[in-house]
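1. Sequence and computational prediction follow.
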Amino acid sequence: MDHVDKLRGHLADDGLRPPEIRIDLLKLHQMAMDVVNRGQTSKAQEFFDLAYELESQVFDMLESLEYVYEKLNKLSDLYPDSLAFDDEDLEESDF
């Protein structure tokens with residue numbers, strides 16, 4: 001659960017506000033427009049600093065997601081053949 005909590009820290013809403021990473025990604029996009037498209041080199045350092053910070057956050061989230069995925073995958077592998085069924089096994093009354 002520590003890994004899920006780590007993800008919550010990055011993706012959780014604060015009340016009605018969107019997650020901070022969303023705000024930061026929008027800010028990065030605007031900075032990219034300024035630096036790349038408009039040639040405003042005065043914002044380049046801040047742009048690359050934010051890009052690096054977001055890259056680090058996303059990598060951290062990716063590591064947590066991979067950990068959770070691996071655990072779930074191991075559980076899924078335990079699924080016994082005896083519980084498997086075909087679509088034909090379902091009757092209309094099951095819905």
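-> Arrived safely, thanks for sending.

2. packing partners for whichever strand or helix holds Leu28?
-> Per DSSP states H and E, Leu28 falls inside helix 20-32. Packed against helix 20-32 by the contact rule (3 or more CB pairs under 8 Å, 6 or more residues apart in numbering; DSSP states H and E) you find helix 2-11, helix 44-76. Yep, even glycine has a C-beta here, placed from its N, CA and C like the rest.

3. looking just at contacts, which helices and strands does the longest one meet?
-> Just to be clear, that refers to helix 44-76. helix 2-11, helix 20-32.

4. okay, which residue is most central for this protein?
-> With distances taken as CA atoms, centre = their mean, the residue of the chain nearest its centroid is Met61 (6.2 Å).

5. Would you quantify the distance from that residue to Glu53?
-> From Met61 across to Glu53, the span is 13 Å (CB to CB, to the nearest Å).

6. who's in contact with Asp60?
-> With contact taken as CB atoms under 8 Å, 6 or more residues apart in numbering, Asp60 is in contact with Lys6, His10.
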